[in-house]
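# Dropping the sequence and predicted coords here.
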Amino acid sequence: MGFPTSPLGFPIRRVPSMGYPRGGVCVCAPPRYTFEVAPVFVLMEGVVLAKLRELVGWSSGDGIFAPGGSMCNMYAMNVARFQRFPECRSLGMAALPRLAVFTSCDSHYSIEKGAAFLGIGTDNVHLVATDERWEGKMIPEELEKEIQKAKAEGAEPFLVCATCGTTVLGAFDPLGAIADVCERHGLWLHVDAAWGGSALLSSKHRHLLAGIERSAAHSVTWNPHKMLTVGLQCSAFLLRDTSGLLQRCFGSGATYLFQRDKFYDMSYDTGDKTPQCGRRVDCFKLWLLWKAIGTQGLAQRVEYLAEEVKRRDGFKLPEFINLCFWFVPPSLRGRESCPDYWSSLGKVAPAIKERMMKKGSMMVGYQPHGTRVNFFRQIVTSPAVTRADLDFFLDEIERLGWDL
Amino acid sequence: MNHGGFFFSFRYTYEVSPVFLLVEEAVIKKMIEFIGWEEGDGIFNPGGSVSNMYAMNLARYKFCPEIKEKGLSGLPRLVLFTSEECHYSMKKAASFLGIGTENVYLIKTDERGKMIPEELEKQVQRARKESAPFLVCATAGTTVLGAFDPLDKIADICEKHGLWLHVDASWGGSALISRKHCRLLHGIHRYVNSVAWNPHKMLLAGIQCCALLVKDNSGLLKKCYSAKAAYLFQQDKFYDVSYDTGDKSIQCSRRPDAFKFWLMWKALGTTGLEERVNRALALARYLVEEIKKREGFQLLLEPEYANVCFWYIPPSLRKMEDGPEFWQKLHQVAPIIKERMMKKGSMMLGYQPHQGKVNFFRQVVISPQVSREDMDFLLDEIELLAKDL
């Protein structure tokens, strides 16, 4: 475009390429609500979403990019609610019975935040127990029980949110069994695969999401900005529906943008499918990377990381790549039977963390989880990480924590 | 194992993004200063629409904190008020938040597109009999006409009725930086609870760059939004965990959007930003004067900001009498000119129908790169494209 500004005042400008997947890139900053202000990126988003849906196992569908997995999960909650109770859009929750949402107790906190934000209420998010062993997967039988319990209390279940790749343990909920439960009760199944979705690219690891192609799974959250290291934000909300549900749920038909007398096919004006107005061109980052390294390249990224982690001796092998472990300093070794063992061990990670941050040598997260005291959680996502880095990582923890 | 560079910084806790977090705090503080509050809070969001949603949810939480846990089901019907010229994100927000689009009461505006305070008072009185009013959203710089609601009078009404007053200044907020034009938002320092302000609009910070400012120091944002996830917001960290501001947000990872504004502010200084605003409005004024001079161009109204709304009346319609047939034919002109300009690739200009008026063009002047010659070109090109209509 030859004009320095678009009519709405958003200039086309050059932005340095730092952080984008490959080489020098000229990135435009068009707001992307209508086809006319960002034709290439609107089409690109459609193509990328179709490709992601293909990997999920859907031959058609809908979707949109959102500013984060949290937002995608909220979109899912809103669309599921709208599908069940279309009147909610105009009349609000005050006109509805008390709704119930079900998700695992290891789910991402955006489910609860979403319930509060959407006027459903955090009390109405029923947390389903995960299995006792290390894996942290939702127990389908417990889900069934929770649904029955909610119904008996007069609530109206409408949504189950399964997690593929939980935040802390990297666990994958058993989608097949959960889909059975959802089908039985007529509930919308949303799969929060923000973290684990990228396993779909790998023929070796996609089995972790078996069941995602089932008809009970209506929507998926998938964040390429996680495992595929596409620049933040890059989060996709995928929908199985082809009836225009997303548009009906969010569309407002603002006359200054979505005029009905345009000269082009207005179904390309996809901006009305979202609660946002101007949006960044997040799909472009993924498109560019995908073009650069191909589906094979993306699959190799996923597989390399998973293999590197499994190769390291002495680790309990996780299902995916969340490496959760304790460092037990020499002073505590052999003292597992002492009554203060666990409370002492719980103080180790924060102390090592403080030391590594003040030294500036590295950074790794820790957290308590359930009844378990503070442990480290290392998640390797960058393909630039080598075995030497992993060795350094463990050596440094030993160095920092030796005298604790 | 962390990626370097601010493009990968996640900004939920201080430890993953200390500099950007402090930058955000500093920028918010400065923006609050320009609003005229002594203190306050805030956060950067992925868009003005999201800022408006935040404000709506905050106002609701203040009204009835139990809604966070219990939800809205079975409660009295909450209603909010905003002008009929408001941004469409108001209705989208009401729907998303479970309030319902029918519970957004649109207040009439005057011929200049400003909310009529007397109408607001009437509607609030009426609504109180059968529902629970909780929020008024005034607009400082409406999308189409660029109108500024009379904040002083609206503030009086909100204070009287104990309603949260949110000012959607996504578009007009940047006038605060100009000593010449900040009077457009007179009253914003008073009984106003929150403000949405998008530096990515008039100040040209890279998209997204949108702030929600809140006149509160009791940690309301955090109380309303926090979920205290144990894997991020541990209380046994070695630094002051009040710096972990990410729990004030509905998002998890966030981009360091404030940094774009900070960098620009540092580079240009407040004076430089002020010049941007003044220049844009001066250029809008130039365009208005040119339109008045040229035959065939007709202004919708005298703008008070940078939105210049006008019709182009091709020669064939100029002798036609004012009547339904004239307006119906004129309605078809802008879409055709738009198609032609886009296929030619010479420029791009928005049009819309609005409040009973047929399709008109809307030129919004922002960029410091735009010159008077560009404004002349704009008008010349419209004439060129439409001469045979």
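Perfect, I can see it now. On a predicted model such as this, the values are computed, not experimentally measured, just so you know.
# Could you find the closest non-adjacent residue to residue 335?
All of this is about chain A. Of all residues not flanking A:R335 in the chain, A:Y341 sits nearest, at 5.5 Å (Cβ to Cβ, 6 or more residues apart in numbering or on different chains). Where C-beta positions appear, they are placed from N, C-alpha and C, glycine not excepted.
# that's the wrong chain, I wanted chain B
Spatial nearest neighbour of B:P335, excluding adjacent residues (Cβ to Cβ, 6+ apart): A:D261 at 4.9 Å.
# Give me the distance between the one you found and B:A280.
In this view, A:D261 and B:A280 are 29 Å apart by Cβ to Cβ, to the nearest Å.
# Which residues are in contact with the residue nearest to B:P335?
Applying Cβ atoms under 8 Å, 6 or more residues apart in numbering or on different chains, we find A:D261 in contact with B:Q332, B:P335, B:N359.
# quick one: low-confidence parts of the stretch 101-250 of chain B?
Flagging of the stretch 101-250 of chain B using pLDDT under 70 yields the residue ranges B:230.
# actually chain A, not the one I wrote
Applying pLDDT under 70 to chain A flags the ranges A:1-31, A:134, A:255, A:305-306, A:308-319.
# all strands for it, in order.
Assigned by DSSP state E, chain A shows strands spanning A:62-66, A:99-104, A:125-128, A:156-163, A:188-192, A:217-222, A:235-239, A:322-325, A:365-369, A:372-379.
# export these to TSV and tack on mean neighbour count and distance to A:G176?
Below are those laid out as TSV (neighbours: other Cβ atoms under 10 Å in any protein chain shown; distance: least, Cβ to Cβ, whole Å):
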stretch	mean neighbour count	distance to A:G176
strand A:62-66	26	23
strand A:99-104	28	15
strand A:125-128	22	16
strand A:156-163	26	10
strand A:188-192	28	11
strand A:217-222	28	10
strand A:235-239	26	19
strand A:322-325	20	22
strand A:365-369	20	26
strand A:372-379	19	26
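# for those strands, which one sits closest to A:G46?
Evaluated over the strands of chain A, closeness to A:G46 peaks at strand A:62-66, with 9.0 Å, by Cβ to Cβ.
# Would you give the sheet partners of that closest one, along with the direction of each?
Partner strands and pairing direction for strand A:62-66 (DSSP bridges) are strand A:235-239 (antiparallel).
# Who are the contact partners of residue 149?
You didn't say which chain, so I picked chain A. Counting by Cβ under 8 Å, 6+ apart, A:K149 has contacts A:H126.
# could you do chain B instead?
For B:D149, the contacting residues are B:S83, B:K114, B:M115, B:A138, B:T139, B:A140, by Cβ under 8 Å, 6+ apart.
# what are the bridge partners for the last one, then?
Okay, so that is B:A140. Beta-bridge partners recorded for B:A140 (DSSP bridges): B:F148.
# Wait, it touches B:S174, no?
No - the criterion here is Cβ atoms under 8 Å, and B:A140 misses it with B:S174 at 10.0 Å.
# Show me which of the two is the more surrounded one.
Comparing B:A140 with B:S174 by neighbour count (other Cβ atoms under 10 Å in any protein chain shown), the higher total belongs to B:S174, at 31 against 28.
# can you give me phi and psi for the nearest residue to that one once chain neighbours are set aside?
Spatial nearest neighbour of B:S174, chain neighbours left out: B:M202 (3.7 Å); criterion: Cβ to Cβ, 6+ apart. Main-chain dihedrals, B:M202, degrees, to the nearest 10: phi -60, psi -30.
# for B:M202, what are its contacts?
Contacts of B:M202 by Cβ under 8 Å, 6+ apart are A:G9, B:W171, B:G172, B:G173, B:S174, B:A175, B:R276, B:V277, B:A280, B:A306, B:I366.
# So how do I select the buried members of the residues you listed in ChimeraX?
In ChimeraX, this line selects whichever of the contacts of B:M202 come out buried by 16 or more other Cβ atoms under 10 Å in any protein chain shown:
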select /A:9 /B:171,172,173,174,175,276,277,280,306,366
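# what about the residue nearest in space to the middle of chain B, distance to B:G272?
For chain B, the residue nearest the mean C-alpha position is B:S170 (2.2 Å; Cα atoms, centre = their mean). Using Cβ to Cβ, B:S170 is found at 21 Å from B:G272.
# quick check: domain ranges of chain B?
As recorded under automatic domain parsing, the domains making up chain B are B:3-268, B:294-385.
# Generate CSV for these, with distance to A:L394 as supplementary columns.
Rendered in CSV, the data for those read as follows (distance: least, Cβ to Cβ, whole Å):
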stretch, distance to A:L394
domain B:3-268, 20
domain B:294-385, 53
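# for the ones you listed, which one ends up most surrounded?
domain B:3-268 (a mean of 21; mean count of other Cβ atoms under 10 Å in any protein chain shown).
# So what's the gap between that one and the chain middle?
On the basis of Cα atoms, centre = their mean, to the nearest Å, domain B:3-268 is displaced by 10 Å from the centre of the chain it belongs to.
# To what extent is residue 270 buried, counted in neighbours?
Looking at chain A here, since you left the chain open. By the measure other Cβ under 10 Å, the count of residues near A:T270 is 23.
# looking at chain B here, not the other one
Neighbourhood size, B:T270 [other Cβ under 10 Å]: 13.
# ok but the residue nearest to the centre of chain B is inside a strand, no?
No - read with DSSP: H, G, I helix; E, B strand; the rest coil, B:S170 is coil and lies in no strand.
# doesn't B:A55 make contact with it?
No - B:S170 is beyond contact range of B:A55, at 11.0 Å (criterion: Cβ under 8 Å).
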